[in-house]
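> the following comprises the amino acid sequence and a computationally predicted model.
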Amino acid sequence: MLRISREGRDALIFLLPYFAFLGFFIIYPMISGFYYSLNNVHLSDLKFTFIGLGNYVRILSDKVFAQALTQTLIYVSLHTVVGVPLGLGIALLLNQEFRGRSVARVCLLIPWATPPIVCAMMFSIFLHPYYGTINYTMQWLGLVPQEFRIFSNPQIALFGLVIVSMWKSAPLFAFIFLSGLQALPTEILESAKVYGASSFAVFRKIILPYLKPTLAVNCILSGFLALAGTQAFDLVIGITHGGPGYNTYMLYFLSYTIAFPWNLLGYGATIAWVVTIISVIFALVLLKLWYKRIY
Amino acid sequence: MVKSSLLKKIALYFFAAVFLAFTTVPYIMIVILGFLPESDIIKRPPIPFKVPELTLSNYIYILSYEPFTKGFLYSAITALATVSLVLLVGSMGAYAVARMRFRGRGMLFNAMVIIYMLPALAMLIPIIVLLKVFGLLDTLLGMILAHCILLLPMMTWFMVGIYEGVPADIDAAVQIEGYSRWEALFKTNMPLCRLGVFLVLVFSFVLSWSDLMFANTVGVTKVRLLQPTILEFMGAGKILYGQLAAAGTLSSLPVVVLAIVLQKQIIAGIMKGAIK
C-alpha cells in the first residue's frame, strides 16, 4: 500500500500546477519531438510519414549540418574563452575603489537589459562598411582596409558575431564575478599587501582560488547561453541570417530554418534533438564537475 | 611610491573609461541615431565625425505606425501575464521543494536543474503543432504559454534557492501559530525574500520582453510582438536606419529604464547571490 504523509500530500498540491505545466508543455513536447524526428511532417497539413531513422542518417551526410556543428562549437568556445576572462577583468576593475564606481555598475545593466535583436540591429548599423561609426573609426585609424565588410566576409563573419555577443554576455559574467568577489576575505588581502605581495601574486594565489566556484558558474552559463540560449539565434537571424553562404549557420538557427521557412518539421526536430543531447551532456558534465564542489 | 600609486590611479581611470565606453556608447549612439534625418545617416562620415541636425520625424513615424504600437501593447500584456503566472506557479513549486519533506524530493531537486537547462529549441517544433491543434497559434494565450516554457523551469529553480534562504524555524513557527501553508508562503516566506523574488520578476520580464524565437513562430500575423516587428523592419527591402534606430530605442526603453530605475535592488540582489 502506498502511504502518503500529510506533508507529502501538501507538497503534491503545491507542485501540481508546476507538474501539469511541465507535463504538457515540456515533457510531452520533448518526447513527441523525438517521434517527429522519426517522421516526415509538414506544418500545413500535419501529415506524418514514418521514415524510421531516415532523418538521423540524413544528418550524417548533410554537409550544412556538419558546417553548422563546427561553427556552433567554435562559437561556444570563443564565447567562453573570450567572454569569461573579459567578465572577470570588468569585475576586478569595478571592485576597485574609484569615483563613479556606482555609475559604472549601473552601466553593466544596459547591455543586459537590451533585447538581443536590438543589439543585433545596433551592431549591424555601427559595423556597416560605409555608414557604421565603429567600422569608420577603425578605417580612419587605419586598422582595417576601406569598406571593411565584417558580416559578408565568410572568414570573419562568425568572429564578428562573437564580438557582438560579448557586448551582451561579458557584463553578465562580470556581475556574477562581482558577487563572487564579495566573499573574498579582506584580512588575507590586507596581510598579503603588508608582506609586499605583488598584485599579480595576490590575483593568482588568493583571488583566483576563491573565485573558482564563480568561475565554474560563469562557464556553465556561457556554454548554456551560447549553445542552448536564444541569444546566438537572435544575433544570427538579425545580423547575418546564416550568411554569407552557410558561414554563420549554427545548430539552433539551422533547426529553426529547416522547420519553419522550409517546413520540414521532422528534420528540424531531428536537429533539435541533437542540440538537446549535446547540451544535456554538456550540462551534466559541468554540473558533476562543479556543482558538487559549490554545494 | 607616490609615483607608482599615481600611475595605478591613471590606469584605473583609463580602464574605467574604456569600460564605460564599451557598455554605454553603442546604446547612446542608437538613441542619437533615432533623432537624425535619414539623409545624414547614409552619408559618410558617420557621427560623431560630423555635426548633424536633429529631427523628431523618425519617432513620429514609428509612434504612428500601427504594427509597432500594437506590438508594444501585445509585448507588454504577454510579459506581464507571463511574469504573474511564473511567479504564482513557480513560487508554489519552489516552496514545496525548499520546505516540505516528501519522497522523491532529492530526485525532483536534481531533475529541476536538468529541466531548466534544456534548450527551448527542444520544445519549439512540437509546441507549435500543439498550439495549432488547440487553435492557440497566433493568440495571446498561446504566446503566454510559450513564454512560460522559456521562463517557468528556470525561475522555479531560482526560487528554490531563494526560499531555502528563509530559516526553516520561521516557517515552522508561523505554522504553529496557525498559518496554513498558503499563508506561510504568501504572507511570510514571500515578503521575507522579497529581494530575490523581485529579482526573479525583473529577470522574467526582461526575458519575456526580449524573446524573439517563440514570438516569431507563435505569433505569425495577428499577435505580432515587438521584437519580431523590429526584425521585420531590419529585413525590409530598403532599410531606413533612422526609423529602425527609433524603433529599437523605443523597444528597449521599458527594460532599460526598468533596469536603471531598479538598479539598487537588482545589484543588491545579484551581489547577495540571490540568483545563481
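Perfect, thanks for sending it.
> got the residue ranges for the strands in chain A?
If DSSP state E is used as the criterion, the strands of chain A fall at A:39-41, A:48-50.
> let's have those strands in JSON lines, adding mean pLDDT, distance to chain B and mean neighbour count.
Any C-beta I mention is one placed from the backbone N, CA and C, and that applies to glycine too. JSON lines is the format used below for these (pLDDT from 0 to 100; distance: least, Cβ to the nearest Cβ, whole Å; neighbours: other Cβ atoms under 10 Å in any protein chain shown):
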{"stretch": "strand A:39-41", "mean pLDDT": "86", "distance to chain B": "8", "mean neighbour count": "19"}
{"stretch": "strand A:48-50", "mean pLDDT": "83", "distance to chain B": "10", "mean neighbour count": "12"}
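> to A:Ser191, which of those lies closest?
Counting by Cβ to Cβ, A:Ser191 lies closest to strand A:39-41 out of those; the figure is 66.3 Å.
> the closest residue in space to A:Val275 that isn't next to it in sequence: neighbour count?
Take A:Val275 and drop its neighbours on the chain: the residue closest to it by Cβ to Cβ, 6 or more residues apart in numbering or on different chains is A:Leu251, 4.8 Å away. A:Leu251 has 26 neighbours, counted by other Cβ atoms under 10 Å in any protein chain shown.
> A:Leu251 is in contact with A:Thr70, isn't it?
No - assessed by Cβ atoms under 8 Å, A:Leu251 is found out of contact with A:Thr70, at 10.2 Å.
> identify the residues contacting the residue nearest to B:Tyr241 when sequence neighbours are not counted.
Nearest non-adjacent residue to B:Tyr241, counting by Cβ to Cβ, 6+ apart: B:Ile41, 4.7 Å away. B:Ile41 sits next to A:131, B:33, B:241-242 when contact means Cβ atoms under 8 Å, 6 or more residues apart in numbering or on different chains.
> kindly report the same for B:Phe22.
By Cβ under 8 Å, 6+ apart, the neighbours of B:Phe22 are A:Trp167.
> just to revisit the earlier point, make TSV from the strands of chain A and add distance to B:Val166 to it.
Shown next, in TSV, are the strands of chain A (distance: least, Cβ to Cβ, whole Å):
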stretch	distance to B:Val166
strand A:39-41	47
strand A:48-50	49
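> to B:Trp157, which of those strands lies closest?
Per Cβ to Cβ, nearest to B:Trp157 of the strands of chain A: strand A:39-41, 31.8 Å.
> now for the closest one, which elements pack on it?
For strand A:39-41, the packing partners by 3 or more Cβ pairs under 8 Å, 6 or more residues apart in numbering or on different chains; DSSP states H and E come out as strand A:48-50, helix A:265-286.
> point to the residue nearest the middle of chain B.
The residue lying closest to the centre of chain B (Cα atoms, centre = their mean) is B:Val206, at 1.2 Å.
> does B:Ser208 touch B:Leu145 like I think?
No - contact status for B:Ser208 versus B:Leu145: not in contact, 11.9 Å apart, counting by Cβ under 8 Å.
> so for A:Ile4, what's the pLDDT?
For A:Ile4, the model assigns a pLDDT of 68.
> then A:Met250?
pLDDT, A:Met250: 90.
> which residue is the nearest non-sequential neighbour of it?
Nearest residue to A:Met250, sequence neighbours excluded (Cβ to Cβ, 6+ apart): A:Thr72, at 4.4 Å.
> what do you get for B:Thr55?
If the residues on either side of it in the chain are set aside, B:Thr55 comes closest to B:Pro37, at 4.9 Å by Cβ to Cβ, 6+ apart.
> could you do B:Thr217 as well?
Per Cβ to Cβ, 6+ apart, closest to B:Thr217 is B:Ile128, 5.6 Å.
> tell me how far the helix or strand encompassing that neighbour lies from the chain's centre.
Under the criterion of DSSP states H and E, B:Ile128 resides in helix B:121-133. A distance of 22 Å separates the centroid of the chain from that of helix B:121-133, by Cα atoms, centre = their mean, to the nearest Å.
> and that helix with helix A:265-286, angle?
140 degrees (axes from the mean of the first three to the mean of the last three Cα atoms, to 10 degrees).
> tell me which residues of helix B:121-133 come out buried.
Residues of helix B:121-133 classed as buried: B:121-131 (neighbour count, 16 or more other Cβ atoms under 10 Å in any protein chain shown).
> can you redo those as a markdown table with pLDDT?
A markdown table is the format used below for the buried residues of helix B:121-133 (pLDDT from 0 to 100):
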| residue | pLDDT |
| --- | --- |
| B:Leu121 | 86 |
| B:Ala122 | 85 |
| B:Met123 | 89 |
| B:Leu124 | 89 |
| B:Ile125 | 88 |
| B:Pro126 | 90 |
| B:Ile127 | 91 |
| B:Ile128 | 89 |
| B:Val129 | 88 |
| B:Leu130 | 90 |
| B:Leu131 | 90 |
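> any idea which of the residues you listed is closest to A:Ser124?
When the buried residues of helix B:121-133 are compared against A:Ser124 (criterion: Cβ to Cβ), the nearest one is B:Leu121, at 23.5 Å.
> identify the residue spatially nearest to the closest one, adjacent ones excluded.
B:Leu121 sits nearest to A:Ala272 (Cβ to Cβ, 6+ apart), 4.9 Å away.
> swap in B:Met117?
Counting by Cβ to Cβ, 6+ apart, the residue nearest B:Met117 is A:Ala283, at 4.1 Å.
> measure how buried that neighbour is and give me the count.
For A:Ala283, using other Cβ under 10 Å, the count is 21.
> that one: what's it in contact with?
A:Ala283 neighbours (Cβ under 8 Å, 6+ apart): A:220, A:224, B:113-114, B:117.
> what of B:Ala79?
Residues in contact with B:Ala79, defined by Cβ under 8 Å, 6+ apart, are B:147, B:204-205, B:208-209.
> one more: A:Leu88?
Residues counted as contacts of A:Leu88 (Cβ under 8 Å, 6+ apart) are A:173-174, A:177, A:211, A:215.
> next one: B:Ser252
Residues in contact with B:Ser252, defined by Cβ under 8 Å, 6+ apart, are A:113-115, A:118, B:27.
> please repeat the previous calculation with a cut-off of 10 Å.
Contact analysis of B:Ser252 by Cβ atoms under 10 Å, 6 or more residues apart in numbering or on different chains lists A:110, A:113-115, A:117-119, A:121-122, B:27, B:30-31, B:209-210, B:226-227, B:230, B:259.
> please apply the same query to B:Gln175.
B:99, B:181, B:183-184, B:188.
> give me the mean pLDDT for the helix or strand containing it.
Using DSSP H and E, the element containing B:Gln175 is helix B:168-176. In this model, helix B:168-176 has a mean pLDDT of 85.
> give me the next element, helix or strand, following that helix.
Next element after helix B:168-176 (DSSP H and E): helix B:181-183.
> tell me which strands and helices that following helix is in contact with?
Contacting helix B:181-183 under the criterion 3 or more Cβ pairs under 10 Å, 6 or more residues apart in numbering or on different chains; DSSP states H and E are the following elements: helix A:6-22, helix B:66-99, helix B:168-176.
> name the residues of the helix or strand that it is followed by that are buried.
Once the chain leaves helix B:181-183, the next helix or strand it forms, by DSSP H and E, is helix B:190-192. For helix B:190-192, burial by neighbour count (16+ other Cβ under 10 Å) applies to B:190, B:192.
> end-to-end on stretch B:123-142?
With Cα to Cα, to the nearest Å as the measure, stretch B:123-142 spans 14 Å from end to end.
> next one: it to chain centre, how far?
In terms of Cα atoms, centre = their mean, the centre of stretch B:123-142 is found 22 Å from the chain centre.
> and what of stretch B:114-123?
18 Å.
> nearest spatial neighbour of residue 207, skipping sequence neighbours?
Picked chain A for this. A:Leu184 (6.6 Å).
> looking at chain B here, not the other one
B:Leu151 (6.0 Å).
> what about that neighbour, neighbour count?
B:Leu151 is flanked by 24 other residues according to other Cβ under 10 Å.
> what sits against the nearest residue to B:Phe68 once chain neighbours are set aside?
Nearest residue to B:Phe68, sequence neighbours excluded (Cβ to Cβ, 6+ apart): B:Ile62, at 5.5 Å. B:Ile62 is in contact with B:34, B:68-69, B:72, B:233, B:242-251, counting by Cβ under 10 Å, 6+ apart.
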